[in-house]
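In: Okay, structure incoming, though there's no sequence with it:
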DNA sequence: AAATATACATAGCATATCTACATTTTACTA
DNA sequence: TAGTAAAATGTAGATATGCTATGTATATTT
């Protein structure tokens, strides 16, 4: 299972990507994340809810109480315009990070091909 | 300039990739990182040195005093066997993260193509 | 002698995610 | 109908990482 540290910093992007598919609520968003990744990434509920708090405080999402219920009342979330802008920013940041890290990995195979690396 | 949050969790991998090219010291590692990325990522010195502390404590690298000096005495670092294993792990983690994030981005273009997304 | 480049280091802060725990409402079932 | 599971949300406190700010020491250049 993937370490949370690996995906850190991209939780907000993930949530915003899910919300692009339509307004939703915590429990369902969690299920969506699991489904989209084929069960490879299962987000912790607390991670999700603390992300909501942070994101709403930052104006990236808006919450409203859901009417349909099947348990404890739902809190729905929708993306704001600011959220969409942020999503775009994060997307670019992600592409940039990919570029940077790949340079180091490239250098790795470069020096790794020469020797076994034993010392 | 890249946000520090974006690259978070991969500083250790970056340092270990650099050390794969040979033993080195803080100031030089910092310069290497700048050069490898074509100046696109300039690591903070404190980030670097606190990473060294953490990594040495975790047994990923070993330090020793340098003899050649050109200013304040250098502290050299070399990767340990454990460090190499960790580097491999992190590498796999990185590939995994790439796969996960790309799934959400794919879903994004999928739903983004249908409409402008305005509400 | 002063300025600059080389080089390392610590203290304390901000943030994000985690572990652990707690709660409410509805549906099912024995 | 009592009990349990599932649906759903939430808080408190711990931890780790990278940050800002600051400080130190030596060598070279002006």
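Out: On my side now, so go ahead. Keep in mind it's a predicted model, so treat the numbers as computed, not measured.

In: does any part of the lengthiest helix in chain A sit near DNA strand C?
Out: In terms of residue count, the longest helix belonging to chain A (DSSP state H) is helix A:81-114. No. Interface with DNA strand C: helix A:81-114 contributes nothing (CB under 7 Å from any atom of the strand), its closest point being 10.9 Å away. Every residue, glycine included, has its C-beta placed from N, CA and C.

In: Would you mark the buried spots in that helix?
Out: Using 16 or more other CB atoms under 10 Å in any protein chain shown as the test for burial, helix A:81-114 gives A:83-84, A:86-87, A:90-91, A:93-94, A:96-98, A:100-101, A:103-104, A:107-108.

In: quick check: mean pLDDT across it?
Out: Per-residue pLDDT values across helix A:81-114 average out to 89.

In: and that helix, what other elements does it pack with?
Out: helix A:11-20, helix B:4-7, helix B:11-20, helix B:26-36, helix B:81-114 (3 or more CB pairs under 8 Å, 6 or more residues apart in numbering or on different chains; DSSP states H and E).

In: Next to DNA strand C, which bits of chain A? Give me the list.
Out: For chain A, the contact set with DNA strand C under CB under 7 Å from any atom of the strand comprises A:4, A:7-12, A:43-44, A:46-47, A:50-51, A:54, A:69-73.

In: near DNA strand D, from those?
Out: Contacts with DNA strand D within the residues of chain A next to DNA strand C, as defined by CB under 7 Å from any atom of the strand: A:46, A:50, A:69-73.

In: Of those residues, which belong to helices?
Out: A:46, A:50.

In: Where does confidence bottom out across the ones next to DNA strand D among the residues of chain A next to DNA strand C?
Out: Among these, residue A:69 carries the lowest pLDDT, at 77.

In: No more questions from me, cheers.
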